[in-house]
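**Q** take a look and give me a structure for this.
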Amino acid sequence: MGIRFSIIIVALFAMHALCLAQGGKVSMENDNDSPDDGNNSGRAKWKLERRFYLGQNFPDPFLLSGKATIEYKIAGAPYALLNVYDSDGRMHRSIYLPGDKNTVNISGEQLTPGSYTYALVVYGRIVEKKEFNLLP
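**A** Residues are numbered from 1 along each chain as shown. Sure, this is the predicted structure:
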């Protein structure tokens, strides 16, 4: 009995860790895509609810002298970071994102024209990445 209990506990922790790695939580939801058999059988599917979201910058590409707006969502976290990396993987900027806001403006100041990656970092781990292009 002890070994079975240990295996169940390890499996639950593994499922929880996988769920957190995907940035969400597991919940039950009615499957509206399934055919209705008339008795509303209530089939359900598992859905991973997204707690974190990182939008594409607008405009994209943007000019060195201009600014771009990025939408984000960090439900359940007091803050996050937006890290900006060049094409060689060097971090050029880290921007504090408060949990009570949902947009941030970034400028091309102190950057050179080219391709960049920006990453949403919550609780010390990257949960989503996007790219932008900076024009002269």
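
**Q** all helices of the protein, in order?
**A** Along the chain, the stretches classed as helices by DSSP state H are 2-21.

**Q** tally up the residues packed near residue 65, please.
**A** Using other C-beta atoms under 10 Å, residue 65 has 10 other residues around it. C-beta coordinates here come from the backbone N, C-alpha and C atoms, glycine included.

**Q** err, residue 66, not the other one
**A** Residue 66, neighbours per other C-beta under 10 Å, totals 14.

**Q** show me what contacts it?
**A** Listed by C-beta atoms under 8 Å, 6 or more residues apart in numbering, the contact set of residue 66 reads 59, 107-108.

**Q** what is the burial count for residue 105?
**A** Using other C-beta under 10 Å, the number of residues around residue 105 comes to 10.

**Q** and the gap between the closest residue to it other than its chain neighbours and residue 61?
**A** Excluding its sequence neighbours, the residue lying closest to residue 105 (C-beta to C-beta, 6 or more residues apart in numbering) is residue 67, at 5.0 Å. Separation of residue 67 from residue 61 (C-beta to C-beta, to the nearest Å) stands at 13 Å.
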